[in-house]
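# need coordinates for the below:
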Amino acid sequence: MSAPNTLNSRSASERKYGQTFATDGVSPMARPGVVTGILMAIVAWAERLNLTFARFENQCIYDNSLFPWVTEVEREWRKIRSELERVLPRKNDLPTVQTISRDAEAITQDEGWKTFVLAGYAVRSERNIRECPETWRIMKNVPGLKTVMFSIFEPGKQLPPHRGPYNGVLRLHLGLIVPEPRDKLAIRFGTRVYHWEEGRVAIFDDAYEHEAWNHTDSTRVVLFVDFVKPLRFPANVVNW
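Numbers count the residues shown, from 1 in each chain. Next up is the predicted model:
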């Protein structure tokens, strides 16, 4: 039986569920080489700092009350959904995640995970922002905003257990289209399973190993957002 979506308490198993720097059975989301090895060693050092100096206790899934701005995002979610509905008619023409980020080829190779990107770290798509101005307006209020995109999971899509490339950001999912039955689509961290809800935000650390699936007959869409993890000195300086 899956864990409830209420996030006010953490089980003993979650407290023991730590981060690792690799995922068994999944090739690293990086290219081999001497330079890459050096960079990854620096990243590993920064990740240890981030775990030690986190402003909030390190968690797989966070209580939304830690982030007061979430209330406003949820209040305006229908405006974001309305702009998504203008994008979806051409979803077959949208790029896959692995087209946008080649490192994602470690976890997905088919056409089942599409994306519509407004911003990705230092790169913004001005054309897509003009197409979804309300979404961009709402997201600009997220402190430390890094990435904004519509994440489109086609029926039958499943991602294997994996971890994200870096724990210096947290990830937000806002449920926009969540088909029934909801118990057939979810994201799992250790023993915790979260089922998306339309209009509800979930914030999690994707540097914990996780997997996700859509076993329904319909498309699932969430707003996918990365923002800087709240950290104390000196980790906040190193992270930046």
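# tell me, what residue is most central in the chain?
Note on the chain: the residue nearest the mean C-alpha position is residue 171, at 4.0 Å, using Cα atoms, centre = their mean.
# what helix or strand does it sit in?
According to DSSP states H and E, residue 171 maps onto strand 169-177.
# what's the answer for residue 217, then?
Going by DSSP H and E, residue 217 is not in any helix or strand.
# which residues does the closest residue to it other than its chain neighbours contact?
If the residues on either side of it in the chain are set aside, residue 217 comes closest to residue 155, at 5.2 Å by Cβ to Cβ, 6 or more residues apart in numbering. The C-beta positions use only the backbone N, C-alpha and C, and glycine is treated the same way. Counting by Cβ atoms under 8 Å, 6 or more residues apart in numbering, residue 155 makes contact with 214-219.
# quick one: contacts of stretch 42-58?
Stretch 42-58 is touched from outside by 19, 21, 62, 66, 165-168, 205, 207, 229-236, 238-239, with contacts defined as Cβ under 8 Å, 6+ apart.
# mind listing what's buried along it?
By 16 or more other Cβ atoms under 10 Å, the buried positions in stretch 42-58 come out as 43, 46-47, 49-51, 53-54, 58.
# where's the dip in pLDDT among those?
In terms of pLDDT, residue 43 ranks lowest among these, with 88.
# what about whichever strand or helix holds it, distance to the chain center?
Element membership for residue 43 (DSSP H and E) is helix 34-52. The chain centroid and the centroid of helix 34-52 are separated by 21 Å under Cα atoms, centre = their mean, to the nearest Å.
# gap between the closest residue in space to residue 77 that isn't next to it in sequence and residue 74?
Closest residue in space to residue 77, ignoring its immediate chain neighbours: residue 199 at 4.5 Å, by Cβ to Cβ, 6+ apart. Here the distance between residue 199 and residue 74 works out to 6 Å (Cβ to Cβ, to the nearest Å).
# now do the shared contacts for the two.
Common contacts of residue 199 and residue 74, defined by Cβ under 8 Å, 6+ apart, comprise residue 174.
# residue 227: neighbour count?
20 (other Cβ atoms under 10 Å).
# likewise for the one 5 residues further on?
Around residue 232 sit 12 other residues, with neighbours defined as other Cβ under 10 Å.
# quick one, what contacts it?
Shown in contact with residue 232 (Cβ under 8 Å, 6+ apart): 53-55.
# with distance to residue 183 added, can I get the residues you listed in TSV?
Formatted as TSV, those follow (distance: Cβ to Cβ, whole Å):
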residue	distance to residue 183
53	38
54	32
55	34
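# residue most distant from the centroid, the protein?
Note on the chain: the largest separation between a C-alpha and the mean C-alpha position, by Cα atoms, centre = their mean, falls on residue 34 (29.0 Å).
# now that one: how far from residue 166?
Counting by Cβ to Cβ, the gap from residue 34 to residue 166 is 20 Å.
# show me the strands in this protein, by range?
Taking DSSP state E to define them, one finds strands in the chain at 61-62, 113-120, 123-124, 145-153, 158-162, 169-177, 185-189, 192-194, 201-204, 210-214, 220-228.
# and the second one, how far out from the chain's middle?
Strand 113-120 has its C-alpha centroid displaced from the chain centroid by 12 Å (Cα atoms, centre = their mean).
# tilt between that strand and strand 210-214?
120 degrees (axes from the mean of the first three to the mean of the last three Cα atoms, to 10 degrees).
# go ahead and produce PDB holding the CA coordinates of strand 113-120.
Provided in PDB are the C-alpha atoms of strand 113-120 (Å, rounded to 0.1, in the frame of the first residue of the first chain):
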ATOM      1  CA  TRP A 113       8.800  11.400 -22.100                       C
ATOM      2  CA  LYS A 114       8.300  14.700 -23.900                       C
ATOM      3  CA  THR A 115       9.100  18.200 -22.700                       C
ATOM      4  CA  PHE A 116       8.300  21.900 -23.400                       C
ATOM      5  CA  VAL A 117      11.000  24.000 -21.900                       C
ATOM      6  CA  LEU A 118      10.700  27.600 -20.800                       C
ATOM      7  CA  ALA A 119      14.100  27.800 -19.000                       C
ATOM      8  CA  GLY A 120      16.900  25.400 -18.300                       C
END
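# all set now, cheers.
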